[in-house]
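A.B. asks: turn this into a structure:
(2 chains)
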There are 2 protein chains.
Amino acid sequence: MAHIDFWYSIGSTYTYLTVPRIEEAARVAGVGLRWRPFNVRTVMVEQNNIPFMNKPVKAAYMWRDIGRRAERYGLTPHLPAPYPLAGLELANRVAVLGEEEGWVAAYTRATYRRWFEEGQPAGEEPNLSESIAETGLDPARVIEEARSEATGAVLDAVTEEAMGLGVFGSPSFVVGAEVFWGDDRLDDALDWARGLGSGG
Amino acid sequence: MAHIDFWYSIGSTYTYLTVPRIEEAARVAGVGLRWRPFNVRTVMVEQNNIPFMNKPVKAAYMWRDIGRRAERYGLTPHLPAPYPLAGLELANRVAVLGEEEGWVAAYTRATYRRWFEEGQPAGEEPNLSESIAETGLDPARVIEEARSEATGAVLDAVTEEAMGLGVFGSPSFVVGAEVFWGDDRLDDALDWARGLGSGG
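C.D. replies: Below you'll find the predicted structure:
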């Protein structure tokens, strides 16, 4: 079956546009989907690629652009959402744990909704515990495991894996050796996975 | 009539994707179009927004992304094209002269084709004179006027105008107070101009 890997970091603003709609988009396209959380901040610092800090005009544009796109998708964010996230690393440690245990998509959707629609930063309380609880898990157990060295090592390892694939931003969609970056490339990635390639 | 302003700099790589197709796209949408060349390098330096320099992973992605998109549009570039352009300012001085004299679109298409399809940097010879000649003008006259202080002042003034509108990158599409940035936002901008707004 055709397949894409969805590489993302909780903490990326544009990823808000992808998270609520990617499952359905992949299903309609008949393409398998794997959620691959990683630490985009590590990559951006390492690659000297800081998108919005000290760029007020570009940052203002980003919020307006996300607002317009959200409306096209029928989403109802409160913008601007809190940004950047102090809890980015912890939010994504929980996500990689969820990837191992099979609940990453539900947790990611829950924490993004609280972040963008209720103004609660992801990776911090109350968003953190409430999103884990909404996913049907025990927040105390999950947060303790997320804070462990072992989970930190997993996040570091998958972040290295992402960099090895050429991923440098979130959201990215990887189909074989092809990287597609940006929410607005999701359809291109799904076409590529279905073998329609660039002529699709 | 609904209307968009196409703000761009010769020197922007992604603008290659827009230049050959925007006239037809606007015509099909029934939207008026004005070509507005400016100096994006001035804006980027002033706003600390340098997209690809010292970012090899992102730069490699950019060329691949342009290649895939070009194929979707039926374009046949030789990639990577020479980049960045030493002659960026002169290329855009010629363009603002063309805006005043009514031949900006033809010159921009000609110089982009030579740059991306024949590997000749825009704003330098032979691209400069050949593109002006292809547009039906005398290269010596046009280049002399482009090099004049008066034309430099026009380019500076329109670049200030672009910044005042919130334009920070190329290509950008401005519809009233709305800025859309990126070749992949052309359809959104045309929808906005037609009054379909974000629900289009």
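A.B. asks: how far is stretch A:103-117 from where the chain is centred?
C.D. replies: Distance, stretch centre to chain centre, for stretch A:103-117: 9 Å (Cα atoms, centre = their mean, to the nearest Å).
A.B. asks: what's that stretch in contact with?
C.D. replies: Outside stretch A:103-117, the residues within contact range by Cβ atoms under 8 Å, 6 or more residues apart in numbering or on different chains are A:8, A:10, A:15-16, A:19-20, A:23, A:35, A:37, A:75-79, A:81-82, A:85, A:91, A:94-96, A:98, A:120-123, A:127-128, A:130-132, A:134-137. The way it works is simple: take the backbone N, C-alpha and C, and place the C-beta from them, glycine included.
A.B. asks: what comes up buried for that stretch?
C.D. replies: Within stretch A:103-117, the residues that count as buried by 16 or more other Cβ atoms under 10 Å in any protein chain shown are A:103-116.
A.B. asks: can you show me the helices along chain A?
C.D. replies: Under the criterion DSSP state H, helices of chain A are mapped to A:15-18, A:22-29, A:40-46, A:56-72, A:88-101, A:104-118, A:127-134, A:139-147, A:149-165, A:186-193.
A.B. asks: next, see if the worst-scoring helix or strand of chain A on mean pLDDT gets close to chain B.
C.D. replies: Across the helices and strands of chain A, mean confidence by mean pLDDT, DSSP states H and E is lowest for helix A:40-46: a mean of 89. No: for helix A:40-46 and chain B, the contact criterion (Cβ under 8 Å from any Cβ of the partner chain) is not met; the two come no nearer than 8.6 Å.
A.B. asks: only alpha carbons, please: show that helix as PDB.
C.D. replies: In PDB, the C-alpha atoms belonging to helix A:40-46 read as follows (Å, rounded to 0.1, in the frame of the first residue of the first chain):
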ATOM      1  CA  VAL A  40      12.200  20.500  15.100                       C
ATOM      2  CA  ARG A  41      13.900  23.000  17.400                       C
ATOM      3  CA  THR A  42      17.000  20.800  17.600                       C
ATOM      4  CA  VAL A  43      17.100  20.800  13.800                       C
ATOM      5  CA  MET A  44      16.500  24.500  13.300                       C
ATOM      6  CA  VAL A  45      19.200  25.500  15.800                       C
ATOM      7  CA  GLU A  46      21.600  23.100  14.200                       C
END
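A.B. asks: who does that helix touch, helix- and strand-wise?
C.D. replies: For helix A:40-46, the packing partners by 3 or more Cβ pairs under 8 Å, 6 or more residues apart in numbering or on different chains; DSSP states H and E come out as helix A:149-165.
A.B. asks: re the thing from before, drop anything exposed from the contacts of stretch A:103-117.
C.D. replies: A:8, A:10, A:15-16, A:19-20, A:35, A:37, A:75, A:77, A:81, A:85, A:91, A:94-96, A:98, A:120-123, A:127-128, A:130-132, A:134-135, A:137.
A.B. asks: contacts only, for the nearest residue to A:Lys55 once chain neighbours are set aside.
C.D. replies: Beyond its immediate neighbours in the sequence, the residue positioned closest to A:Lys55 (Cβ to Cβ, 6 or more residues apart in numbering or on different chains) is B:Asn49, lying 5.4 Å away. Applying Cβ under 8 Å, 6+ apart, one finds that B:Asn49 lies in contact with A:55, A:58, B:43, B:168-169.
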